[in-house]
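> take a look and give me a structure for this.
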Amino acid sequence: MSADNDNASASDNAGSVDATDAGAAATVAHGHGHGHAHGAAPTTYGVAPAARAAMPGSTWSSTLESKLGHRFDDRRLLARALTHRSRSAAHNERLEHLGDSVLGFIITDALYARFPDSAEGDLTRMRAQLVRREELAARARELELQPCLRLGGSVAGNVARNQGGDAGDAMLADAFEAVLGAVYLDGGLETVKRVIFDLFAAALAHISPHSPKDAKTRLQELLQKRGWPLPQYEVTDCAGKSHAPVFTVACTARGLAEPVTAIGDSRRAAEQRAAQGVLERLAGDA
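Residues are numbered from 1 along each chain as shown. Purely as a prediction, here's the structure:
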């Protein structure tokens, strides 16, 4: 993905993120470099200091910047990272996609360096544990992203009414990844790497190749040990609101008279629960 294109998109659609953002026009330089240009006030992805000061939400953004340990040159990137699609066409999904990739790369790099003797499968499993939705939502709550989310009226109402004011793991995890994408565009790879290492320090310190395996991994290993085909997962239903989906997954495996079904707020969560159900069924039949 081109960082230039994303920055241009942020600039072109700044007014649709928030009407007052229109007064914070930036001078955007082309190229992939990050940091201040020699002899010029704007940065590659930044804005002039006067424009930055005029941006909305200075209180909440300053607090979040303090928690992240990064001061944005272009706060419009941060505003977009916190904007749900229900609020504006200039929402955070592209930044979320970028942040997901950046996070995956940096966590993989950290695990590769920390566990030089671990096999590929162990590295993959540890990465999956660190970047799973529940973990990302926990990091979002540590940053107190919830009050910063920019939600549309109907979604905001549903969150307040149906979830006691909590946006839920899915929305918070998505916003967290989008914020990381914004940090990357604003500050570069080394900056977002430092932010991620700070946020995941405790988790990285405690992760181990010998950490308990998740249900899908344990089921796959059990079936392979018995010489049976791998399990098959199928989404049989997806209900609920866009901000609070409910997935139903059926898991089929040899040794079962019928599939085991389970629900979850993500496909992955439903698959994990279905795999756990299959393990319990097979253990009972053993």
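> quick check: mean pLDDT across the longest helix along the chain?
Longest helix in the chain, counting residues (DSSP state H): helix 93-114. Per-residue pLDDT values over helix 93-114 give a mean of 97.
> helices or strands next to the next helix or strand after that helix in the packing?
Remark: after helix 93-114, the chain's next helix or strand is helix 120-131, criterion DSSP states H and E. Packing partners of helix 120-131 (3 or more CB pairs under 8 Å, 6 or more residues apart in numbering; DSSP states H and E): helix 93-114. Heads up, the C-betas are built off the backbone N, CA and C, glycines and all.
> which strand or helix spans the spatially most central residue of the chain?
Note on the chain: the residue nearest the mean C-alpha position is Glu177, at 3.1 Å, using CA atoms, centre = their mean. When elements are assigned from DSSP H and E, Glu177 belongs to helix 168-187.
> now that helix against helix 120-131, angle please.
100 degrees (axes from the mean of the first three to the mean of the last three CA atoms, to 10 degrees).
> got the CA coordinates for the helix or strand that comes right after helix 168-187 in CSV?
Using DSSP H and E, the next helix or strand after helix 168-187 towards the C-terminus is helix 189-199. The C-alpha trace of helix 189-199 is given here as CSV (Å, rounded to 0.1, in the frame of the first residue of the first chain):
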residue,chain,number,x,y,z
LEU,A,189,8.4,2.6,11.0
GLU,A,190,10.7,3.2,13.9
THR,A,191,8.1,5.3,15.7
VAL,A,192,5.3,2.8,15.4
LYS,A,193,7.7,0.0,16.4
ARG,A,194,8.5,1.8,19.6
VAL,A,195,4.8,2.4,20.3
ILE,A,196,4.0,-1.2,19.7
PHE,A,197,6.9,-2.4,21.9
ASP,A,198,5.7,-0.1,24.7
LEU,A,199,2.1,-1.4,24.5
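> can you pull the buried residues of helix 189-199?
Neighbour-count burial for helix 189-199, counted by 16 or more other CB atoms under 10 Å, picks out 191-196, 199.
> got it, and stretch 134-149?
Under 16+ other CB under 10 Å, the buried positions of stretch 134-149 are 135-140, 143, 145-146, 148-149.
> who touches it?
57, 60-61, 63-64, 67-68, 82, 84, 129, 165-173, 175-177, 179, 199-200, 203 (CB atoms under 8 Å, 6 or more residues apart in numbering).
> try it again at 6 Å.
Residues outside stretch 134-149 that contact it (CB atoms under 6 Å, 6 or more residues apart in numbering): 60, 64, 67, 82, 167, 169, 172-173, 175-176, 199.
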